[in-house]
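In: quick one, structure for this:
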Amino acid sequence: MQLDRQTAPDLMGEGNAAFRQGDPYDASPYIRYGYADQQFSYRFWTKGGSAAQTEHDSAQQPARDSAGQ
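Out: Sure thing, here's the model as predicted:
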C-alpha cells in the first residue's frame, strides 16, 4: 500500500461510510500495532469513523439559544 496524501482521505471515507452503515468507529479492519502500512490505515480509518460519529452526535443534540452576556 502506498502511504500518501491520496490514500489517507480514501481511508477516512472508508471509515466514515462504515460508521454510517452501523459499524462502531473503532472496528477497523486494520491492525493498530501492525506494520507501518497497517498502523497508517488504522489511524486514518478510525479518524474517518470518529468524524462521522461526531457529526452524528452533534446533529442529535438540540440547538441551544445563547443568553449572551
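In: with just CA atoms, put stretch 56-63 into PDB.
Out: Extracted C-alpha coordinates of stretch 56-63, given in PDB (Å, rounded to 0.1, in the frame of the first residue of the first chain):
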ATOM      1  CA  HIS A  56     -23.900  12.300  14.000                       C
ATOM      2  CA  ASP A  57     -23.800  13.200  17.700                       C
ATOM      3  CA  SER A  58     -23.900  17.000  17.000                       C
ATOM      4  CA  ALA A  59     -26.900  16.500  14.800                       C
ATOM      5  CA  GLN A  60     -28.700  14.700  17.600                       C
ATOM      6  CA  GLN A  61     -28.300  17.500  20.100                       C
ATOM      7  CA  PRO A  62     -30.900  20.300  20.000                       C
ATOM      8  CA  ALA A  63     -29.600  23.700  19.300                       C
END
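In: can you show me the helices along this protein?
Out: Remark: helices assigned in the chain by DSSP state H are 7-20, 36-60.
In: if you compare those, which one is most tucked away?
Out: Each of the helices of the chain was scored by mean neighbour count; the highest is helix 7-20, a mean of 18, by mean count of other C-beta atoms under 10 Å. C-beta: built from backbone N, CA, C; applies to glycine.
In: residue 45 and residue 39, how far apart?
Out: As judged by C-beta to C-beta, to the nearest Å, residue 45 and residue 39 stand 11 Å apart.
In: what do these two both touch?
Out: Taking C-beta atoms under 8 Å, 6 or more residues apart in numbering as the criterion, residue 45 and residue 39 both touch residue 30.
In: any low-confidence regions in this protein?
Out: Under the criterion pLDDT under 70, the flagged ranges of the chain are 1-3, 25-26, 62-69.
In: coming back round to it: in JSON lines, list the helices of the chain along with distance to residue 27.
Out: What follows is the helices of the chain, written out as JSON lines (distance: least, C-beta to C-beta, whole Å):
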{"stretch": "helix 7-20", "distance to residue 27": "7"}
{"stretch": "helix 36-60", "distance to residue 27": "8"}
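In: distance of residue 43 from residue 32?
Out: Distance, residue 43 to residue 32, using C-beta to C-beta: 8 Å.
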